[in-house]
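> this one's structure only:
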């Protein structure tokens, strides 16, 4: 059985399918939740916040499942550390940037009863940082498995 | 699922690690670990590749244990 540098093994292919399913389901459910929040509960959310939450959260959830199931990296390649580091850095930047703006009084999380873009950025930032945390947890579990071998 | 002890034993006989076996059959170390832990049922193609590397038969590594 030979593999090239960018292929996944049979278990990873199955797990990737499941992860994309979860990501897809999140992408379907999230607009329903936001529709319920905006349409029924009449919570006003700024369009950019709504858009960024609906697009980023499903991708991050899919990525987290892929990492948890060890299906993110191809068999002979490691890309997860770089990508997770990048996402975590962007997430941290978004949270710090938003936090500073709120602290300075330039922005707020809710303005005149409307959930602002800043809140959206913080939620997106948290989702992005979570990928890094999940990666670190997975790595420590992997190390434990290796020592138990 | 029950643990696959025969693979671990055959691996120890050949003195190869999970990583080396995984590389030889073209899967990730985590997949090989999942097979040994009984968390993943490999396809017949992968079973045969493992048998070939470890020099065992399918029955020896993946055969059902008699009670």
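Yep, that arrived. All of these numbers come straight from a predicted model, not from anything done at the bench.

> can you pull out the helices in chain B?
Ranges of helices in chain B, per DSSP state H, are B:5-14, B:18-25, B:29-37, B:44-54, B:58-62.

> Return the residues of chain B in contact with chain A.
B:17-18, B:25-31, B:33-34, B:40, B:42-43, B:45-46, B:49 (Cβ under 8 Å from any Cβ of the partner chain). Placement of C-beta: from N, CA and C, glycine included.

> got any ranges where the chain has weak pLDDT?
Just so you know, I chose chain A. A:1-6, A:148-149 (pLDDT under 70).

> please go with chain B instead
Those would be B:1, B:65-67, if you go by pLDDT under 70 across chain B.

> orientation of the helix of greatest length in chain A relative to helix B:18-25 in degrees?
Identified as the longest helix of chain A according to DSSP H is helix A:117-148. Put simply, helix A:117-148 runs at 100 degrees to helix B:18-25, going by axes from the mean of the first three to the mean of the last three Cα atoms, to 10 degrees.

> Helix A:117-148: how far from the chain's middle?
9 Å (Cα atoms, centre = their mean, to the nearest Å).

> Stretch B:45-64 now?
7 Å.

> Same check on stretch A:84-97?
On Cα atoms, centre = their mean, the centre of stretch A:84-97 falls 11 Å from the chain's centre.

> And that stretch, what's buried?
Of the residues in stretch A:84-97, A:84, A:87-88, A:91, A:94-95 count as buried by neighbour count, 16 or more other Cβ atoms under 10 Å in any protein chain shown.
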